[in-house]
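1. sequence and predicted structure are below.
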Amino acid sequence: MSDEIEFDRGATTPSGEVARLSPLIRRIIAGNGGPMTFTGTCSYIVGQGTVAIIDPGPDDTGHIERLLAAVAGETVSHIVVTHTHRDHSPAVPALKAATGATVVGCGPHRAARELAEGESNRLDAAADRDYAPEFAMGDGDTIAGPGWRLTAVETPGHTANHLAFTLPEEATLFSGDHVMAWSTSIVAPPDGSMAAYMASIEKLRSMEHDRYWPGHGGAVTEPQRFLRGLVQHRRQREAAILGRLRAGDEAIVDMVPPIYQGLPPALHGAAALSVLAQLEDLVLRGAVFCDEPLPTLASRYRLA
């Protein structure tokens with residue numbers, strides 16, 4: 001069987017609908033669909049009676065009301081956050097106020113690397129800097145309710161503070177934005193790191209799960225095959241960047257159109273950040289030289 005990655009961009013369920021995915025899992029998709037969020041952010045309800053809500057999503061009154069209606073008559077013991085992008089965590093305060101649940105999961109937002117002068121506002125706009133958990137979880141930390149347990153798995157890469165969560169009762173992993181069936185995860189400095197992302201992929205390859213439920217889109221149904229495909233995809237992208245350097249391109253702005261042929265121009269900015277993340281990794285490994293101590297979108301690059 002080929003390990004070439006095959007994305008599933010088919011429809012999941014309508015935003016706002018409470019979908020029963022398994023005996024222990026319900027999902028409501030927020031109405032924030034778009035080029036970077038697919039059909040919207042997936043908020044998961046885990047358990048029955050006493051439940052946890054994973055990734056409450058954006059600060060959207062309608063989505064928060066639908067989440068609360070879905071758990072009416074139940075106790076929300078925990079609000080769990082995989083990472084601090086604005087499509088995942090800003091609903092926390094309103095949900096906390098309504099339920100009294102304990103806020104757990106990733107730690108506060110932080111950058112994966114030092115920011116060059118002038119980069120902060122331009123590159124870090126997706127960060128939810130107001131998020132503050134009551135308990136920041138690390139590898140192996142567990143919360144539990146009647147008939148369910150969620151155990152944290154540190155998976156930095158998409159963001160420096162990214163966590164996934166295992167649900168052993170169903171051999172399931174809530175993979176956040178680290179692994180998604182509809183698209184590769186964007187790895188964008190300053191909160192993203194390609195070296196950390198690839199290390200986290202290898203970490204997940206050492207674990208066995210039957211299914212992943214991601215932050216956007218439908219389930220990853222063959223996780224190990226999909227992970228192998230992700231590794232192959234990133235290697236192909238790295239080879240394409242090295243090819244552009246061999247062809248004489250020195251600037252990221254020149255590399256993006258030939259590497260991402262057919263990509264809508266509106267997404268070229270995100271693609272440029274992904275190329276920057278790959279180049280940072282190549283510089284770190286000594287395969288590429290950069291004309292500045294800290295690689296940026298405006299830097300010049302050449303083969304070592």
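-> Looks like it came in fine.
2. which residues in the stretch 201-304 of the chain form strands?
-> With DSSP state E, counting those that start in this stretch as the criterion, the stretch 201-304 of the chain has strands at 211-214, 288-290, 301-303.
3. burial count for residue 35?
-> The local packing of residue 35 (other C-beta atoms under 10 Å) involves 10 other residues. All C-beta spots, glycine's among them, are computed from the backbone N, C-alpha and C.
4. roughly how far apart are residue 97 and residue 103?
-> 11 Å (C-beta to C-beta, to the nearest Å).
5. and for residue 208?
-> Here residue 208 is placed at a distance of 30 Å from residue 103 (C-beta to C-beta).
6. who has more neighbours, those two?
-> Each of residue 208 and residue 103 has its neighbours counted (other C-beta under 10 Å); residue 103 has more, 20 against 10.
7. that one contacts residue 96, correct?
-> Yes: Residue 103 is within contact range of residue 96, at 5.8 Å (criterion: C-beta atoms under 8 Å).
8. for residue 273, find the nearest of the strands of the stretch 201-304 of the chain.
-> Between residue 273 and these, the shortest gap by C-beta to C-beta is with strand 301-303, which sits at 14.7 Å.
9. which helices and strands sit right next to that closest one?
-> Strand 301-303 sits against helix 223-246, strand 288-290, with contacts defined as 3 or more C-beta pairs under 8 Å, 6 or more residues apart in numbering; DSSP states H and E.
10. quick one: which of the ones you listed is nearest residue 302?
-> Of all these, it is strand 288-290 that lies closest to residue 302, at 5.3 Å by C-beta to C-beta.
11. list the helices and strands that closest one packs on?
-> Strand 288-290 packs on helix 268-284, strand 301-303, going by 3+ C-beta pairs under 8 Å, 6+ apart.
12. could I get the buried residue list for that strand?
-> Within strand 288-290, the residues that qualify as buried are 288, 290, counting by 16 or more other C-beta atoms under 10 Å.
13. shared neighbours of residue 103 and residue 96, which are they?
-> Counting by C-beta atoms under 8 Å, 6 or more residues apart in numbering, the contacts common to residue 103 and residue 96 are residue 79.
14. so how far is stretch 181-191 off the chain centroid?
-> Centroid separation for stretch 181-191 versus its chain: 6 Å, with C-alpha atoms, centre = their mean, to the nearest Å.
15. okay, how far is it across that stretch, tip to tip?
-> From its first residue to its last, stretch 181-191 covers 22 Å (C-alpha to C-alpha, to the nearest Å).
16. now do that stretch, average pLDDT.
-> Stretch 181-191 shows a mean pLDDT of 88 in the predicted model.
17. from what I see, residue 233 and residue 184 are in contact.
-> Yes: counting by C-beta under 8 Å, residue 233 sits close enough to residue 184 to count as a contact (6.1 Å).
18. between those two, which contacts overlap?
-> Contact criterion C-beta under 8 Å, 6+ apart; residues shared by residue 233 and residue 184: residue 5.
19. how about the helices and strands packed on strand 288-290 in a markdown table, adding distance to residue 76 and mean pLDDT?
-> Output for those, formatted as a markdown table (distance: least, C-beta to C-beta, whole Å; pLDDT from 0 to 100):
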| stretch | distance to residue 76 | mean pLDDT |
| --- | --- | --- |
| helix 268-284 | 34 | 93 |
| strand 301-303 | 48 | 97 |
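20. and those, which is most packed in?
-> Counting by mean count of other C-beta atoms under 10 Å, helix 268-284 has the highest mean neighbour count of these, with a mean of 20.
21. what distance separates that helix from the centre of its chain?
-> 17 Å.
22. cool, stretch 172-181 as well?
-> Chain-centre distance of stretch 172-181: 7 Å, with C-alpha atoms, centre = their mean.
23. go on, stretch 262-269?
-> Put simply, stretch 262-269 sits 20 Å off its chain's centre (C-alpha atoms, centre = their mean).
24. what's the answer for stretch 210-228, then?
-> Mean C-alpha position of stretch 210-228 versus that of the full chain (C-alpha atoms, centre = their mean) differs by 13 Å.
25. could you do stretch 58-68 as well?
-> Put simply, stretch 58-68 sits 21 Å off its chain's centre (C-alpha atoms, centre = their mean).
26. so which bits of it are buried?
-> Residues of stretch 58-68 classed as buried under the neighbour-count rule (16+ other C-beta under 10 Å) are 58-60, 63-64, 66-67.
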